[in-house]
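Colleague: Structure for the following, please:
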Amino acid sequence: MIHGNLSGLKASQIKALERIYRRRVPAEQVITSELARFLSERSFEMRRQVGVIIDRLGEVKHVIIGDDREIVIPDLSGYGLGRSGLRGLRCIHTHLKGEPLSQDDLTDLALLRLDLMAAVGVGEGGLPDRVHYAHILPTNPEGKSVEVLSAPSVYDLDLDMAGFVRSLEAELERKMGETVDLSDTREKAILISVSHASRGEVEDSLDELAELARTANVVVLDRVVQRPRKINPRFLMGEGKIKEVVIRALQQGATLLIFDQDLTPAQARAISAITEVKVVDRSQLILDIFARRAHTLDGKVQVELAQLKYILPRLSGKGTALSRLMGGIGGRGPGETKLEIDRRRIRDRISRLEKQLQSLARGRRQRRQRRIRAEVPIVSIVGYTNAGKSTLLNALTQSDVLTEDLLFATLDTATRRLRFPQEREVIITDTVGFIRHLPKSLLGAFKSTLEELEDADLLLQVVDLSNPRFEEQIGAVERILEDLDLGRIPRLLVFNKTDLVPAEEVAPLCRRFQAVPISARERPTFVTLLAELEHRFWPGQGEGP
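Modeller: Numbers count the residues shown, from 1 in each chain. The predicted structure is shown next:
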C-alpha cells in the first residue's frame, strides 16, 4: 500500500512505487545506492517528495508520496518502543531542491522516536545528490537534543547503520541509568507548566505538583516551563516545545507527563497522540491520590464518583462511523458501539453512586443533629493539606488518626471528643486538607464530607508556619471556605510547626495574624490553645485546662 498523495499519478508510476516493498537494505547500510537512485528518479519524474520507512532488518515497511514540499508519515504507533525509547525505524525521503532537513523533519524525528531521519537531494537528471541526516542525542552537557550531519552523496554516506543504532541505544540507556534507577518500576514523570503567571508563582505551583507526585509514588525526573504569549488551544504548549519534551522524555526514560494545568479532553487526547507518553493533569493526579487514600465507604463512593465524572467526557473511540448518534442516512447500522455502551454504563454508575451518597448524607445529618441536641460545642479543624491537622487531632485527643508527611494523607472525616476540667468537652472533627486551584469538580465530590463544617461552632485553621508560602496557603483556605459559604463561622488561626521556625520570628508573626502558636508534636505548647478554646466556649469560667 502506498501512503500519501496519489492523485494525478499514472497506474505505471504507482506499480513502480509498489515494487519498492520487494527491496531489502543490508542491516549495515542506511540505504542502498540503487534504492536512493530509484527514489530520486521517481521524485524528479513526479515533482513530488518520495519517502520510505525501513526497519532494522532492512525491510521497507511504508512507501510515502508527498507534494513538492513535504511527506506525511503514516501512523507508526503499531511499532513499539524499545528500552532506549527508539522505535526501530528510519525514514529516508527526497528533497527536490537538495535543501537541508526541515524543522518538520526534525520534529518528526523526535515525536516518532525514529532511529534516523535522512533527506536525499534530487540532482540534475534525477540523480541522487547530497544527503542530510539527523539522529536524537543522549543527554549531554551542551544540551543538544539532535545532531544533524551530511554527506556529499549517497555513495559517500559512510555510516554502519546496525553498529550506529547499537551504540546509540547503549548510550541512551547508560545516560538514563545515570539519572534514574532503571530497575525502579515506579512511574517516572516530567512536570510541565504552561502559564502566563509570574515565574515565582509557576515555580511555587510546580513545587506543590512535585509533592503531589511524590504522594502518588511517582518519581519526578525533570520540569519544563513555558510562558507563551498565546496558549496553544490544541496542545496547550507550542509544537516546538512538545518536541523538546518528547526528547527529554526519551533521554531520561520518562513514562508520564504531568501538566500543572487542567487539560480539556481534546487537549489530553492530542498531546497523548503526538507524544505517545501517558499524559495526566493536576486534577487527575489529585484524583489518583484520593483513590489511594480513601478508606471509609463514604470516601470511596465520593472518590469513585469524582473519577467517573472526570473520565466520562474523556472517553473516545476511533471515530463516528459506527455511531448511532449520527442519525439519518448513513447513521443506521450495528447499534451501539462499545464506546457508547461504556458511556451509558458510566452514567448509570454515576446515578447509583449519587443515590448512595444521598443515603450516606442522611445518616451523617442524623448524627450531627444528635450532637447539636446534646449542646456540645463542635470544633472543626481545617487547613492546607499537610499542615499537621491530623497530628494535632491525635495529640489533643490521644487518638491514632493516620498521619504521614504526604499531601492528602487524611481524606476521611475523623471525629473525637476533647475533655476539659469540670466535666466540659467539645467535639473535634478533622477534614480533608485544601489545596490551591482545587478544581470545582473535586470540591463538589467532597462537599458531603465538608458538610460537617456547616455545624461547627468554631473553625480551627491550622497553618504550617515553616512553609515559606504559608501566607498564600492561608489565602487559599479562606477562598475555599468562602466558596463553601463557611466564611460566617468564627475562626481561630493556629500556627503549627513553630519548632521549625526561628523563635524570634514566631511571636511577631502571631501578633500580626492574631494566631496561636503550637507544635503539634510537643504537647506543652498546647497550653495557650486550650486556654483560648475554653475561653471561647465558657468565658470567665477558668483560665486553662
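
Colleague: Every contact and neighbour count from this point should use C-alpha atoms.
Modeller: Fine.

Colleague: Give me the below-cutoff pLDDT ranges for the stretch 401-545 of the chain.
Modeller: Within the stretch 401-545 of the chain, the stretches with pLDDT under 70 are 401-414, 438-452, 540-545.

Colleague: Kindly recompute the last result at 80.
Modeller: Scanning the stretch 401-545 of the chain for pLDDT under 80 picks out the ranges 401-416, 421-423, 431-455, 483-484, 539-545.

Colleague: residue boundaries of the helices in it?
Modeller: Chain-ordered helices for the stretch 401-545 of the chain, with DSSP state H, counting those that start in this stretch as the definition, fall at 440-445, 447-450, 470-483, 503-513, 527-537.

Colleague: want to throw those into CSV with mean neighbour count and distance to Lys10?
Modeller: Converted to CSV, the helices of the stretch 401-545 of the chain look like this (neighbours: other C-alpha atoms under 10 Å; distance: least, C-alpha to C-alpha, whole Å):
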stretch, mean neighbour count, distance to Lys10
helix 440-445, 17, 57
helix 447-450, 18, 67
helix 470-483, 16, 67
helix 503-513, 12, 82
helix 527-537, 16, 89
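
Colleague: Go through these and name the closest to Leu39.
Modeller: Leu39 lies closest to helix 440-445 among the helices of the stretch 401-545 of the chain, at 55.4 Å (C-alpha to C-alpha).

Colleague: give the contact list for Ile258.
Modeller: If you count contacts by C-alpha atoms under 8 Å, 6 or more residues apart in numbering, Ile258 has them with Ala189, Ile190, Leu191, Ile192, Val279, Val280, Asp281, Arg282, Leu285.

Colleague: Kindly indicate which of the residues you listed lies nearest Glu472.
Modeller: When the contacts of Ile258 are compared for distance to Glu472 (C-alpha to C-alpha), Arg282 wins out at 18.7 Å.

Colleague: Tell me how far that closest one lies from Gly78.
Modeller: From Arg282 over to Gly78 the distance is 29 Å, taken as C-alpha to C-alpha, to the nearest Å.

Colleague: When these two are compared, which one has more neighbours?
Modeller: Set Arg282 next to Gly78 and count neighbours by other C-alpha atoms under 10 Å: Arg282 wins out with 21 against 7.

Colleague: neighbours around the closest residue to the more buried one other than its chain neighbours, how many?
Modeller: Spatially, and ignoring its direct neighbours in sequence, Arg282 is nearest to Asp260 (5.2 Å; C-alpha to C-alpha, 6 or more residues apart in numbering). Asp260 has 24 neighbours, counted by other C-alpha under 10 Å.

Colleague: Offset the numbering so it begins at 53, please.
Modeller: Renumbered: residue one is now 53, and that last one reads Asp312.

Colleague: what's the host helix or strand of Ala325 packed up against?
Modeller: When secondary structure is defined by DSSP states H and E, Ala325 falls within helix 317-327. Where contact means 3 or more C-alpha pairs under 8 Å, 6 or more residues apart in numbering; DSSP states H and E, helix 317-327 is packed against strand 330-333.

Colleague: Closest to Ser442 out of the contacts of Ile310?
Modeller: The shortest separation between Ser442 and any of those is 22.2 Å, and it belongs to Leu337 (by C-alpha to C-alpha).

Colleague: how far is the strand or helix carrying that closest one from where the chain is centred?
Modeller: Following DSSP H and E, one finds Leu337 within helix 334-345. Relative to the mean C-alpha coordinate of its chain, helix 334-345 is positioned 11 Å out (C-alpha atoms, centre = their mean, to the nearest Å).

Colleague: Heading C-terminal from that helix, find the next helix or strand.
Modeller: Along the chain past helix 334-345, the next helix or strand (assigned with DSSP H and E) turns out to be helix 349-363.

Colleague: in the sheet, who's paired with the nearest residue to Phe565 once chain neighbours are set aside?
Modeller: With C-alpha to C-alpha, 6+ apart as the criterion, Phe565 has its nearest non-adjacent residue at 7.7 Å, and that residue is Leu545. As for beta bridges, Leu545 partners with Gln513 under DSSP bridges.

Colleague: still on that earlier bit, OK, contacts around the residue nearest to Arg334?
Modeller: Contact criterion C-alpha under 8 Å, 6+ apart gives Leu243, Ile244, Ser245, Val246, Ser257, Leu258, Leu261, Asp333, Arg334 as the residues in contact with Asp312.

Colleague: now the helix or strand containing the second one against helix 334-345, angle please.
Modeller: Using DSSP H and E, the secondary-structure element containing Ile244 is strand 240-246. Interaxial angle of strand 240-246 relative to helix 334-345 (axes from the mean of the first three to the mean of the last three C-alpha atoms, to 10 degrees): 140 degrees.

Colleague: From the rest of the structure, what touches strand 240-246?
Modeller: Residues contacting strand 240-246 (C-alpha under 8 Å, 6+ apart): 254, 258, 261-262, 270-280, 283, 288-289, 301, 305-313.

Colleague: And the helices in the stretch 153-302 of the chain, which stretches?
Modeller: Per DSSP H, counting those that start in this stretch, the stretch 153-302 of the chain carries helices over the ranges 155-163, 213-231, 251-267, 291-304.

Colleague: Output the contacting helices and strands for the second one.
Modeller: Yep, that's helix 213-231 we're talking about. Using 3+ C-alpha pairs under 8 Å, 6+ apart as the contact definition, the elements that helix 213-231 packs against are helix 291-304.

Colleague: please redo it, this time with the cut-off set to 10 Å
Modeller: The elements that helix 213-231 packs onto, with contact taken as 3 or more C-alpha pairs under 10 Å, 6 or more residues apart in numbering; DSSP states H and E, are strand 180-188, helix 291-304.

Colleague: Go through those and pick out the most buried.
Modeller: strand 180-188 (a mean of 24; mean count of other C-alpha atoms under 10 Å).

Colleague: Sheet partners, orientation included, of that strand?
Modeller: strand 168-174 (antiparallel), strand 198-203 (antiparallel).
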